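Trainee: got a sequence here, can you build the structure:
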Amino acid sequence: MLDFIYYPVSFILWCWHWVFGKVLGDNNGAAWALAIVFLVFSLRAIMFKPFVKQVRSMRKMQEFAPELKKIQKKYANDRQRQAAEMQKLQQQHGFSPLGGCLPMLLQIPVFIGLNHVLRSFGSILPNGQPRTENYFFDQHGVESYNAATIFGAKLNNFITEPAASLGTVDRGSVILVAVPLMIAASIATHFTARHSVSRQNAAAATSQTAIMNKVTLYLFPLGVLVFGAFFLIGLLLYWLSNNGWTLMQQRLVYNKIDKEEEEKKTEAVEKRNALAPKPGQKPTRKPGTAAGSTAGSTAGTAAKSSAAPKPGQKPAAKPAAKPAAKPGTKPAATKPAGQAKATNGSRAASSDEVPGLISDSSRSKKSGRKKP
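Mentor: Modelled structure (predicted):
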């Protein structure tokens, strides 16, 4: 049913056992233990890029967590609208919740596949015969795994295993190997969760976040320590190496992202300082401002400054206002002085140019004769 998981897991395990078996021997327990450890390293290396995306997604989520709080508070009574607004906000910020959970979800089928493959080494077929093949392992590989021991315990043994299935293996040897692995795996799980929690934004923390932090910090490590008694020694090796890799990877990735963000901040500050005017530098004319308008404004300022009275100078006297007309009198028709002068001048000019057309004041207007 899950052969698409079992075959890849068994193939990677077969490859690493072939490598270490050439050095330490096929039936050596250390060769099989190293094969399991490097199986974990290989799978985690494949999932390195998704892990980086997960960290970046978590950082983005922490940045707009206050906005999520506002949405939750605003639509507390409308769950459907709340979910729609949160999804819209996540799309605007480019955050994908699935991308943050993908690396953790991918580890689940790997754990299930390795557990099935390791247990299949010592399983019995329906006809009552021991298994001679196990996916990519042939009969020689199955016999080699079943014969390998570490300090007297086999990789398929566990502390609570029934005495009938232990066979010639002493339970004390199983406890001697399994308990240190359980403690080490529990400590590694705690420090991995502790490092992850320390990178969270305290301002964006919620009550649900606080509960999850306590679960990952204390409940998961305690679960490994308690339920480790039911885990195969090979699975305990897997759990220890997986958490050890996660802790190392978290430190490297978080330090790298911190350096990138610090470089971006430094570049932004340098760019801002480069655009800012230097001390003592005159402000430059804004682009799009015409030179004429600048000159006009300068001339207008100069004219205003020249019109202003100098210190100690008396202000110029204003022209006297004309007396107001008395009531009942018509205002005298006034002609402009220039117009009157122009009329007299035109008469004189016409008398000089055309003789005989001069109007004599001594003639009578009616008869045209001269007065006596």
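Trainee: which residue ranges form the helices in the stretch 151-300 of the chain?
Mentor: 163-166, 171-198, 207-214, 220-227, 233-275, 291-307 (DSSP state H, counting those that start in this stretch).
Trainee: among the ones you listed, which is the most enclosed?
Mentor: Most buried of those by mean neighbour count (mean count of other Cβ atoms under 10 Å) is helix 171-198; its value is a mean of 18. Heads up, the C-betas are built off the backbone N, CA and C, glycines and all.
Trainee: now do the phi/psi pair for Ile124.
Mentor: With angles defined as degrees, to the nearest 10, Ile124 sits at phi -110, psi 140.
Trainee: show me the contacts for it.
Mentor: Counting by Cβ atoms under 8 Å, 6 or more residues apart in numbering, Ile124 makes contact with 130-131.
Trainee: ok, Arg59 next?
Mentor: Ile257.
Trainee: give me the distance between it and Glu263.
Mentor: 15 Å (Cβ to Cβ, to the nearest Å).
Trainee: now do Met182
Mentor: 42 Å.
Trainee: over to Ala31?
Mentor: Separation of Ala31 from Glu263 (Cβ to Cβ): 45 Å.
Trainee: same thing with Thr189?
Mentor: Thr189 is 33 Å from Glu263, where distance means Cβ to Cβ.
Trainee: got it, and Phe51?
Mentor: 22 Å.
Trainee: same question for Gly244.
Mentor: On the measure of Cβ to Cβ, Gly244 and Glu263 end up 30 Å apart.
Trainee: ok, now Phe137?
Mentor: 49 Å.
Trainee: same question for Thr132.
Mentor: 58 Å.
Trainee: what number of residues lie near the residue nearest to Thr149 when sequence neighbours are not counted?
Mentor: In space, and not counting its chain neighbours, Thr149 is closest to Gly29: 4.9 Å by Cβ to Cβ, 6 or more residues apart in numbering. Neighbourhood size, Gly29 [other Cβ atoms under 10 Å]: 21.
Trainee: let the chain start at 23 from now.
Mentor: Understood, numbering begins at 23; the last thing we discussed is Gly51.
Trainee: quick one: contacts for the closest residue to Phe70 other than its chain neighbours?
Mentor: Spatial nearest neighbour of Phe70, chain neighbours left out: Gln271 (7.3 Å); criterion: Cβ to Cβ, 6+ apart. Each residue near Gln271 by Cβ under 8 Å, 6+ apart is listed here: 66, 70, 73.
Trainee: what does Thr214 give?
Mentor: 265, 268-269, 272 are the contacts of Thr214 under Cβ under 8 Å, 6+ apart.
Trainee: would you convert the residues you listed into a markdown table that also reports pLDDT?
Mentor: Converted to a markdown table, these look like this (pLDDT from 0 to 100):
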| residue | pLDDT |
| --- | --- |
| Asn265 | 90 |
| Thr268 | 88 |
| Leu269 | 88 |
| Gln272 | 85 |
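Trainee: quick one, what contacts Glu89?
Mentor: Leu111.
Trainee: now the helix or strand encompassing Glu89 - C-alpha only, PDB.
Mentor: Using DSSP states H and E, Glu89 maps to helix 87-96. The C-alpha atoms that make up helix 87-96 are tabulated as PDB, following Å, rounded to 0.1, in the frame of the first residue of the first chain:
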ATOM      1  CA  ALA A  87       0.900  38.900  13.100                       C
ATOM      2  CA  PRO A  88      -0.500  42.200  14.700                       C
ATOM      3  CA  GLU A  89      -2.700  42.700  11.600                       C
ATOM      4  CA  LEU A  90      -4.000  39.100  12.100                       C
ATOM      5  CA  LYS A  91      -4.800  40.000  15.700                       C
ATOM      6  CA  LYS A  92      -6.900  43.000  14.500                       C
ATOM      7  CA  ILE A  93      -8.800  40.800  12.000                       C
ATOM      8  CA  GLN A  94      -9.500  38.200  14.700                       C
ATOM      9  CA  LYS A  95     -10.700  40.900  17.100                       C
ATOM     10  CA  LYS A  96     -12.800  42.700  14.400                       C
END
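Trainee: now it and helix 229-236, what's the angle there?
Mentor: Inter-element angle recorded for helix 87-96 and helix 229-236: 130 degrees (by axes from the mean of the first three to the mean of the last three Cα atoms, to 10 degrees).
Trainee: pLDDT-wise, which helix or strand of the chain ranks last?
Mentor: helix 359-375 (a mean of 43; mean pLDDT, DSSP states H and E).
Trainee: what's the following helix or strand after the helix holding Glu89?
Mentor: Next along from helix 87-96, by DSSP H and E: helix 101-115.
Trainee: now do Leu241 against Ala53, distance only.
Mentor: 35 Å.
Trainee: so between the two, which is more surrounded?
Mentor: It is Ala53, of Leu241 and Ala53, that has more neighbours when counted by other Cβ under 10 Å, with 22 against 12.
Trainee: does the more buried one touch Val45 like I think?
Mentor: Yes - at 7.4 Å, Ala53 counts as touching Val45 under the criterion of Cβ atoms under 8 Å.
Trainee: could you measure from Pro72 over to Leu24?
Mentor: From Pro72 to Leu24 the distance is 21 Å (Cβ to Cβ).
Trainee: who has more neighbours, these two?
Mentor: Under the criterion of other Cβ under 10 Å, the comparison of Pro72 against Leu24 puts Pro72 first, with 16 against 11.
Trainee: distance of that one relative to Gln271?
Mentor: Look at Pro72 and Gln271: by Cβ to Cβ, they are 12 Å apart.
Trainee: and Pro152, by the same measure?
Mentor: 39 Å.
Trainee: for the residue lying closest to Ala206 once chain neighbours are set aside, list the residues it contacts.
Mentor: By the measure of Cβ to Cβ, 6+ apart, the closest residue to Ala206 outside its immediate chain neighbours is Leu262, 5.4 Å from it. The contact partners of Leu262, by Cβ under 8 Å, 6+ apart, come to 203, 206-207, 210.
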